[in-house]
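Asker: From the sequence below, what's the structure:
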Amino acid sequence: MQLYQLHAKQGLPIDRETAWDFLSDPKNLKVITPDEMGFHILSGSDRAMYPGQIIQYNVRPFPGFSTKWVTEITHVMKGSYFVDEQRFGPYALWHHKHFVNEVSGGVEMEDIIDYKLPLGILGQMAHPILVKKQLKTIFSYRENKLHELFGHLDGYTNTLQLKTI
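Answerer: Coordinates of the predicted model:
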């Protein structure tokens, strides 16, 4: 079983409350997702985030392939972090931790995603060619969009790492 991890950090010159209000609103996921992903929320975004919340989306992770993605918000510590886990979708495992940390001059958003691909060896072969590239594209888009919305945090270096664990 091959597990992978994405670890991203981004600094924004906003306060924790502003960051939390934006990131914890499921409707804003569409704002920070590339249009070519065909991202559309089907249900579950009508209330403030809470543990046990089920959110259903349609997503097109790759051209010509569309799927339903169902996630559950499993943990929420208001203002600090939340966790979403895939219940149904394109991954064999998807566990995504979102942290909002105060830093000098703003906040650091930190994402840690542990994931596994389906299809055994075929999924492992697809990882460097398709999946890793797609995740880098999505998180680069997210970084640029958040900077467009909120600005850059002076002196902060954003990071994005994808590795096998």
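
Asker: quick one: least confident helix or strand in the chain?
Answerer: Among the helices and strands of the chain, helix 120-126 carries the lowest confidence by mean pLDDT, DSSP states H and E, at a mean of 87.

Asker: For the longest helix anywhere in the chain, buried residues please.
Answerer: Ordering each helix of the chain by length in residues (DSSP state H) puts helix 132-150 first. Buried residues in helix 132-150, defined by neighbour count with 16 or more other C-beta atoms under 10 Å: 132, 135, 138-139, 141-143, 146-147, 150. For glycine as for every other residue, the C-beta is placed from the backbone atoms N, C-alpha and C.

Asker: mind listing what's buried in the least confident helix or strand of the chain?
Answerer: For helix 120-126, by 16+ other C-beta under 10 Å, it's 123-124, 126.

Asker: Distance from the chain centre to that helix, please.
Answerer: Computed by C-alpha atoms, centre = their mean, to the nearest Å, the chain-centroid distance of helix 120-126 equals 22 Å.

Asker: got a list of contacts for that helix?
Answerer: Identification of contacts with helix 120-126 by C-beta atoms under 8 Å, 6 or more residues apart in numbering yields 2, 92, 116-117, 119.

Asker: I am finished for the moment; much appreciated.
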